[in-house]
Structure formats: C-alpha cells, structure tokens
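K.L.:
pasting the structure only:
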C-alpha cells in the first residue's frame, strides 16, 4: 500500500461522521410500518425483530467500518527485514548475584593475615598489629614485623594474644628496620583461630610514613609449610 493511498484513507476516515439520527429514524419507521397481525394469514417473514436487529447491525457496521478505516490508515506495514515491536511483557527480575565482601588480605593455605595500625596511637606513639588467622593447628609459626627506622622510631615493647611462654620474642634493629620477631617454641602448637602480634614504638611528633613497613608469617600445618605477608598502607 503506497503512501498516497494511506493518506487518502486517513483523510476519509477522519472526515466520516455517521448520521446517527437518520439511522435511529430508520429503525423507528421500520417498527411503525409493522402491519397488524391477521389470524387467517401465515406469520410474516422476516419477523419485525429481525428487521430491527438488521437495522441495528447496519448502524454498528458503519461505526465499526469507520474505526477500522482509521486504524488501518494509521498503521504502517513492516518493511522487509524490519521487526515489529511488541508490547512490554512482564517478567520476573533475576536474582542479584551473591554479594562480594571486602577483598581479603594475603592468604595461603590455612593462613590468612592482615596488617593494621591500632587507632589508639597518638602524635608520638604507635602500635602496629599483625593479625593471623589459621583454619588448622600449626606446629611451627614465626611472625616477623618490620618497622622502618624513619621519624625517630624507638621500641617501647611488644605483645601477642597467644601464651607468652609458647614464644621466643625479640626486637632488634636490622638493615634500617626495627624488627619484631615471635617464634613458636619447639613442642608447642598454635590452635585454629585468630591471633594478634603487636609491636609498639615511639616516633617523632606528627604523622609517620608507614609505606616501607611490612610483615611476614610462616607456619607449618599437617599438610606442609605455609606463609603469608603484607604491608601497612596507612600513615601515623
């Protein structure tokens, strides 16, 4: 169907105005012209209600034809290869993917670790902490915390959450670092769980750069040796 024909159909459909009054008058005349029933004659055919129904159908037909003409004239046929858009359909939203937690620090085998600064430090003193989590008992463990000797660093002590008698602890200066080291004594063990090792130190007034500070933890479980390590991103 070309565009000119569509336009003529639209114009004709838009200008069409059914004469409802005239149609109703035709229905009334048909009812009024009903001749009286004579008993001696056979029933008339068609019956009066059929004529009324026919006239009513004609009215509906005219109205329907007008509506169809408007609809047809306004619809474009899809071109070859063109998709006809369908109406929106209801669908069930997909479940969101499982939430991901924060990225875990260094982990290897049964060990997981994290290095952080204790928030209770001040402008002259700080505490660096190494948190070690093991999912299996350890028969060997050595934790080493290295604090760069910048900003007047000087040790003020250390501690660990595991029993003191189970470890050999030391704090020494090595190659420009203050090194805290905790070594599990032979015959002792580290149970599954989360354990903390902390080194304390004074430093010059103000914030201290921790960019060179780091730590390592090396242990042995029933399935062999394992190790983790990391650094301290914050400054204090």
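P.N.:
Thanks, I have it. All figures in this text were calculated on a predicted structure; none of them were measured in a lab.
K.L.:
the residue nearest to residue 165 when sequence neighbours are not counted: what's it in contact with?
P.N.:
Distances taken as C-beta to C-beta, 6 or more residues apart in numbering put residue 185 closest to residue 165, at 7.8 Å, once the chain neighbours are dropped. (Glycine included, C-beta is placed from N, CA and C.) Shown in contact with residue 185 (C-beta atoms under 8 Å, 6 or more residues apart in numbering): 165-168.
K.L.:
what's the farthest-apart pair in the residues you listed?
P.N.:
165 and 168 (10.0 Å; C-beta to C-beta).
K.L.:
could you list the low-pLDDT ranges of this protein?
P.N.:
1-3, 5, 12-108, 233-236 (pLDDT under 70).
K.L.:
who's more crowded, residue 165 and residue 168?
P.N.:
Shown here are residue 165 and residue 168; by other C-beta atoms under 10 Å, residue 168 has more neighbours (10 against 7).
K.L.:
for the more buried one, what are phi and psi?
P.N.:
Main-chain torsions, residue 168, degrees, to the nearest 10: phi -100, psi 120.
K.L.:
so how far is residue 214 from it?
P.N.:
Computed with C-beta to C-beta, to the nearest Å, the distance linking residue 168 and residue 214 is 21 Å.
K.L.:
and residue 204, by the same measure?
P.N.:
21 Å.
K.L.:
of the two, who's got more company?
P.N.:
Legend: neighbour count by other C-beta under 10 Å for residue 204 and residue 214, higher for residue 214 (19 against 13).
K.L.:
quick one: neighbours of residue 158, just the number.
P.N.:
Neighbours of residue 158 (other C-beta under 10 Å): 19.
K.L.:
surely it touches residue 169?
P.N.:
Yes: contact criterion C-beta atoms under 8 Å: residue 158 and residue 169 qualify, at 6.0 Å.
K.L.:
what touches both of the two?
P.N.:
180, 182.
K.L.:
how close does residue 198 get to residue 126?
P.N.:
Taken as C-beta to C-beta, the span from residue 198 to residue 126 is 10 Å.
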